[in-house]
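> Coordinates for the following, if possible.
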Amino acid sequence: MWKTVGQERAIEFVSRGIRSEKLAHSYLITGMESVGKMTLALDIARASNCIDMKLELRPCGNCNQCFRIDVLNHTDLFIYDLEPVEEDSNKMSTTITLEQLRDDFLKQIYRKPFEGRNRVFIIAAVERMRTEQANILLKTLEEPPDNVIILLLSKDYEGLIETIVSRCQLLRLRPVGTGIIRDYVEKFVNLSDTDREEITRLSRGRIGWAYRAATDADFLTNARDTIDSIETAVTGTLEDKFKHSRNLSSRFRRDRRIGHSDIDHMLTWWRDVLLVTSGIEEEVINISRLDTLRSVGAGLDPSEVASTIKSVRSALRNLEKNVSPGLVYDNLMLKFPK
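Okay, the predicted model is just below:
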């Protein structure tokens, strides 16, 4: 039973390896944030250790191996993800640390499986690795031990070392279709019809985002608050804009993933303004904000909105180049249409 939703092509590709008992030693799973990369990685971990006698039924989701991996309590499962910089800190590391790879990964990977058939190593945010980390990984990929599966997760593969990509089976995850997301969200009976539609649209094909919004009221509230702050900055005074800039800068420094989410909401909001000014309101994502979108768009030409979207994208590129967040956001606020 696969938990991955809406990625039939990737599932079928891996399933063929399971049925022929020829799973690859390493997979590179790429896709946008929250599209289901970790879910697919855990599915592969379960499938590679599932003890159901029928290969076509793996992962079964019922055996002890599947269950222990499900609850992340399996001695042959290792997950390397971003961690707090220090204990009790809200600030997250920007990459997998050298110590994690050298002191744990290299020790564990050459040991025999303890309770399953395969040791599975999931390494997230590979695109953020520095040269030293990448070299450690590359050496292991060149000569992988038996009974080991390495699953690398990345937003894309274009910035990765070519030799790392070439030694992995590539699994590209696409945004999940709107109809699939809508059907998925329907399962959550605690939601109103309005909430379901808003989650479906805001998710933009990210099944993980939809799940969190449907199951965590605070997560959805935070998303709405973020959009509120964008609207306040756009429609407010210069002081409101710089207040928003300071808030964005603080959030980015605390956790880059939050910062990227803020920029993502901003891009989506301005895209909606562009749709409204172009007379394509049926494709608006922030459908509950239509009145504000119309009000802002009324005084703007589509070319002005398109220019603003370019400025937001440029800000994102500068943040990824480690330009000062305060400077990036201040400049961005000054480029918002007056």
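
> mind giving me the domain split of this structure?
Using automatic domain parsing, the domain parsing of the chain gives 8-172, 177-215, 217-334.

> Could you dump these into TSV with mean pLDDT, distance to W2 and mean neighbour count added?
Just so you know, the C-beta spots here come from the backbone N, C-alpha and C atoms, and that holds for glycine as well. Shown next, in TSV, are the domains of the chain (pLDDT from 0 to 100; distance: least, Cβ to Cβ, whole Å; neighbours: other Cβ atoms under 10 Å):
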stretch	mean pLDDT	distance to W2	mean neighbour count
domain 8-172	88	5	17
domain 177-215	93	12	17
domain 217-334	94	24	17
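
> Can you add distance to M1 and give these back as TSV?
Converted to TSV, the domains of the chain look like this (distance: least, Cβ to Cβ, whole Å):
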stretch	distance to M1
domain 8-172	4
domain 177-215	15
domain 217-334	26
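
> Against which helices or strands is whichever strand or helix holds S261 packed?
Assigned by DSSP states H and E, S261 falls within helix 256-277. In this structure, helix 256-277 packs against helix 217-235, helix 238-254, helix 290-298, helix 302-320, with contacts taken as 3 or more Cβ pairs under 8 Å, 6 or more residues apart in numbering; DSSP states H and E.

> could you redo those as JSON lines and give each row distance to L152?
Shown next, in JSON lines, are the helices and strands packed on helix 256-277 (distance: least, Cβ to Cβ, whole Å):
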{"stretch": "helix 217-235", "distance to L152": "27"}
{"stretch": "helix 238-254", "distance to L152": "25"}
{"stretch": "helix 290-298", "distance to L152": "39"}
{"stretch": "helix 302-320", "distance to L152": "19"}
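
> G208 - that's part of a strand, no?
No - read with DSSP: H, G, I helix; E, B strand; the rest coil, G208 is helix and lies in no strand.

> quick one, phi/psi of the closest residue to it other than its chain neighbours?
If the residues on either side of it in the chain are set aside, G208 comes closest to S34, at 3.5 Å by Cβ to Cβ, 6 or more residues apart in numbering. Dihedral pair for S34: phi 70, psi 20, per degrees, to the nearest 10.

> Point me to the residue sitting farthest from the middle of this structure.
In the chain, counting by Cα atoms, centre = their mean, G299 sits farthest out from the average C-alpha position, at 34.9 Å.

> circling back to that earlier point, show the contacting residues for the residue nearest to G208.
206-209, 212 (Cβ atoms under 8 Å, 6 or more residues apart in numbering).

> List just the nearest of the residues you listed to R68.
Closest to R68 out of these is G208 (22.1 Å), distances taken as Cβ to Cβ.

> hang on, A214 packs against E186?
No - contact criterion Cβ atoms under 8 Å: A214 and E186 do not qualify, at 9.8 Å.

> if we compare the helices and strands packed on helix 256-277, which one ends up closest to D156?
The nearest among the helices and strands packed on helix 256-277, by Cβ to Cβ, is helix 302-320 at 12.2 Å.
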